[in-house]
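J.: need a structure here:
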Amino acid sequence: MRKRRRPTAYPVAMTRASVKRLFVFYLAAVEVFFFSALATALSREEGDHLQRKIDDIAANASMRPLKPKITPVSQTEVNSYLEYNIPDKIPRGLARPEITMAGSGALAGRVLVDMDEFKRGRDARDFLDPLNYISGQVPFSARGILRTENGKGRFQLASAELMGIPIPPQLVQELVGYFSRTADNPRGLNLNAPFDLPAKIRRIEIKQGEALIAQ
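T.: Take a look at the predicted model:
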C-alpha cells in the first residue's frame with residue numbers, strides 16, 4: 001500500500017494563484033456582508049456629535065481646577081467619526097477602519113490594509129515569507145483588552161488575523177509600527193508599551209457598544 005505523502009505546512013506552500021483566490025474570496029465576503037451592513041448604521045450627524053464631545057473633553061481638561069466628568073461615547077459615534085470626520089487623517093495604506101466595543105475592556109478592530117504599501121517600507125524577506133504572495137487591499141482584524149488607570153493605558157493583544165488567517169504578534173507589531181510612524185516617532189507605536197491618556201483622562205471603561213471616558 002502506497003504511503004500517503006504528508007502535505008506541506010500551510011501557509012508556506014501556498015502558491016501565488018491560491019493566495020490570490022483566497023484574497024478575492026475574503027475581501028468579497030467582507031465587502032458584501034460586513035462593510036455594507038456597517039454603512040447603514042453610520043452618519044455624519046453621529047460623527048459631528050462625537051466631535052462636539054471631543055471639544056468638550058479638551059475644554060474641560062483646561063479648567064482650573066479640573067471638573068470631574070464622565071463622557072459616554074458610543075460605538076456608532078466612533079465609527080461615524082472615522083468614516084466622515086477624519087478620513088484624511090487615516091494613515092496612507094489603511095481604509096475603512098471600524099471599532100467594536102465588546103464590554104469588560106474588550107475591543108476589536110477591522111481595517112483594510114494595502115499590502116503593497118506595507119511591503120514598500122519593509123525590509124526584503126525570505127522568499128518563503130507568505131506575505132510575498134499577498135498584494136492589494138486585504139482585511140486585517142485584531143482583538144484585545146484595553147486596561148486604563150490613573151491616566152495610563154495599555155492594550156493587551158489577544159489575537160489577530162490577516163485575510164482570515166491567524167498571524168503572530170510580531171507581524172501585528174510590524175503592521176502597527178509601520179502605519180503609525182511619524183516624524184517624531186519613525187518606528188511607530190509599540191503595541192506592548194503603556195501610553196499616556198490625553199486631555200487629563202483618568203480612565204476609559206469599555207462597555208458593550210460604548211466607552212465611558214472619565215476625567
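J.: Average pLDDT for the lengthiest strand in the chain, rounded please.
T.: Longest strand of the chain, by residue count under DSSP state E: strand 137-149. Average pLDDT, strand 137-149: 98.
J.: And for stretch 55-73?
T.: 96.
J.: Can you show me the CA trace of that stretch as CSV?
T.: What follows is stretch 55-73, C-alpha atoms only, in CSV (Å, rounded to 0.1, in the frame of the first residue of the first chain):
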residue,chain,number,x,y,z
ASP,A,55,-14.1,69.5,22.1
ASP,A,56,-15.9,69.4,25.5
ILE,A,57,-13.3,66.9,26.8
ALA,A,58,-10.5,69.2,25.7
ALA,A,59,-12.1,72.3,27.1
ASN,A,60,-12.7,70.5,30.5
ALA,A,61,-9.0,69.5,30.6
SER,A,62,-8.0,73.2,30.5
MET,A,63,-10.2,74.0,33.5
ARG,A,64,-8.6,75.1,36.8
PRO,A,65,-9.4,73.1,38.9
LEU,A,66,-10.3,70.2,36.6
LYS,A,67,-14.0,69.3,36.9
PRO,A,68,-14.6,65.6,37.4
LYS,A,69,-16.6,64.4,34.4
ILE,A,70,-17.7,61.2,32.6
THR,A,71,-18.4,61.4,28.9
PRO,A,72,-20.2,58.4,27.2
VAL,A,73,-19.1,57.7,23.7
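J.: Just give me how far that stretch sits from the chain centre.
T.: Computed by C-alpha atoms, centre = their mean, to the nearest Å, the separation of stretch 55-73 from the middle of its chain amounts to 26 Å.
J.: Alright, I will stop here.
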